[in-house]
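Enquirer: give the three-dimensional model of this entry:
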Amino acid sequence: MKGKLLIFSAPSGAGKTTIVHHLLKQDFDLVFSVSACSRGKRHNETNGKDYHFIGEKKFKELISNDGFLEWEEVYPDQFYGTLKSEVDTRIEQGKNMIFDVDVVGGLNIKTHYGDEALSVFVQPPSLKKLKQRLIDRSTESEENLNRRLQKVTKELDVADQFDKILVNDDLEIALAKAEEIASEFLAK
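Expert: This is a model prediction of the structure:
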């Protein structure tokens, strides 16, 4: 039996990574889909665990060779994508995968896999709280912070294209709801 895909997408800072990491610690037997990216790694990230940090040149080679299930130039010269080979191998092995991807990527994966995938949009409680979360994590320059905030409105506009919307206002409530969503989908 093929594996299923749980896709979590959100504007940067909405809490999707925290939710995904929580679900990985639960008893769902999920495999994390490690995305590839062209940017350098942050001080708290590990290559092959958080992302495959492959650089812009290698990323563009994989685009040319149709090596991605989905990819996007999220910001100028910053590419993110999901390697086809990794996903196809895992689902053929019957593994259930969980994705922590941007909004466009989440919709693309859902389109490709249809009912075998569940797409969840993690929505911030407000733009003000989202901005504060991005500031508090201290990983963004002022320029990158402004770029991310400009993108949020477009991302919020497509939330209704996802199978589920999970508002992350209170983290404990959001985590419990995420467990419920995962449990229901994987039991089908």
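Enquirer: drop to CA atoms for contacts and neighbour counts, all remaining ones
Expert: Noted.
Enquirer: what's stretch 161-171 in contact with?
Expert: Outside stretch 161-171, the residues that touch it by C-alpha atoms under 8 Å, 6 or more residues apart in numbering are 14-15, 107, 118-125, 159, 174, 177-178.
Enquirer: next helix or strand past the worst-scoring helix or strand of the chain on mean pLDDT?
Expert: For the chain, counting by mean pLDDT, DSSP states H and E, helix 127-136 ranks last in confidence among helices and strands (a mean of 70). Scanning forward in sequence from helix 127-136 by DSSP states H and E, the next helix or strand is helix 142-157.
Enquirer: buried residues in stretch 96-114, which are they?
Expert: 96-107, 109-110 (16 or more other C-alpha atoms under 10 Å).
Enquirer: just the ones of the residues you listed in strands?
Expert: Among those, DSSP state E puts 96-101 in strands.
Enquirer: nearest to F79, of the contacts of stretch 161-171?
Expert: The nearest member of the contacts of stretch 161-171 to F79, counting by C-alpha to C-alpha, is L107 at 16.5 Å.
Enquirer: pLDDT score for N146?
Expert: Looking at N146, its pLDDT is 68.
Enquirer: for this structure, which segments count as helices?
Expert: 16-25, 55-64, 84-92, 103-113, 127-136, 142-157, 171-187 (DSSP state H).
Enquirer: mind putting the ones you listed into a markdown table with distance to V34?
Expert: Formatted as a markdown table, the helices of the chain follow (distance: least, C-alpha to C-alpha, whole Å):
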| stretch | distance to V34 |
| --- | --- |
| helix 16-25 | 12 |
| helix 55-64 | 14 |
| helix 84-92 | 8 |
| helix 103-113 | 13 |
| helix 127-136 | 22 |
| helix 142-157 | 21 |
| helix 171-187 | 19 |
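Enquirer: for the buried residues of stretch 96-114, which two are the farthest from each other?
Expert: Going by C-alpha to C-alpha, the pair spanning the buried residues of stretch 96-114 furthest: N96 and V104, at 21.1 Å.
Enquirer: near T82, how many other residues are there?
Expert: 24 (other C-alpha atoms under 10 Å).
Enquirer: partner residues bridging the residue nearest to it when sequence neighbours are not counted?
Expert: Spatial nearest neighbour of T82, chain neighbours left out: S35 (4.9 Å); criterion: C-alpha to C-alpha, 6 or more residues apart in numbering. Counting by DSSP bridges, S35 forms beta bridges with Y51.
Enquirer: perfect, I'm done here.
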